[in-house]
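1. give the three-dimensional model of this entry:
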Amino acid sequence: MAGSFGSVQDYFDTLEARFQADKADGVDAVIQWNVAGDKGGDWHVLVKDSAFTLHTGSHAEPSVAIAISDENWLKLINGQLNGPMA
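-> The predicted model follows:
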């Protein structure tokens with residue numbers, strides 16, 4: 001997952017291009033990100049039978065929700081912070 005993202009928004013702007021549909025066959029999930037801070041925001045992804053849709057804002061009933069600061073999310077996605085430490 002580590003990459004070279006200059007901002008939290010860069011990560012979400014490129015998320016669909018990095019989605020691997022062949023690995024999501026039979027998946028039905030809503031993944032929610034709540035990234036706190038001035039450079040954060042709320043996003044959610046709907047994954048259903050290999051289809052991917054990214055939305056801004058919160059979902060009423062996500063399957064999983066990730067809450068993290070913008071600073072830590074940027075470190076995490078760039079490989080500078082491991083998940084358990086986040």
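2. separation between Gly26 and Val64?
-> From Gly26 across to Val64, the span is 17 Å (C-beta to C-beta, to the nearest Å). For glycine as for every other residue, the C-beta is placed from the backbone atoms N, C-alpha and C.
3. do the same with Gly6
-> Taking C-beta to C-beta, one finds Gly6 at 26 Å from Val64.
4. what kind of secondary structure is Asp10 in?
-> helix (DSSP: H, G, I helix; E, B strand; the rest coil).
5. quick check, pLDDT for it.
-> pLDDT, Asp10: 96.
6. burial of it, as a residue count?
-> By the criterion of other C-beta atoms under 10 Å, Asp10 has 14 neighbours.
7. that's a helix at Ala65, yeah?
-> No. Counting by three-state DSSP, Ala65 is not part of a helix but strand.
8. show me what contacts it?
-> Going by C-beta atoms under 8 Å, 6 or more residues apart in numbering, Ala65 touches Gln32, Trp33, Asn34.
9. let's see it at 6 Å
-> Gln32 (C-beta atoms under 6 Å, 6 or more residues apart in numbering).
10. ok, it to Val8 distance?
-> Here the criterion is C-beta to C-beta. By it, Ala65 lies 16 Å from Val8.
11. got the contact list for the helix or strand hosting Asp42?
-> Using DSSP states H and E, Asp42 sits within strand 41-48. Strand 41-48 is contacted by residues 12, 24, 27-35, 53-59 when judged by C-beta under 6 Å, 6+ apart.
12. and Ile31, what are its bridge partners?
-> For Ile31, the beta-bridge partners are Val45, Val64 (DSSP bridges).
13. filter the contacts of strand 41-48 to the buried ones?
-> Phe12, Ala24, Val30, Ile31, Gln32, Trp33, Asn34, Val35, His59 (16 or more other C-beta atoms under 10 Å).
14. now, among those residues, which is nearest to Gln80?
-> Val35 (15.8 Å; C-beta to C-beta).
15. bridging residues for the closest one?
-> Gly41, Ile68.
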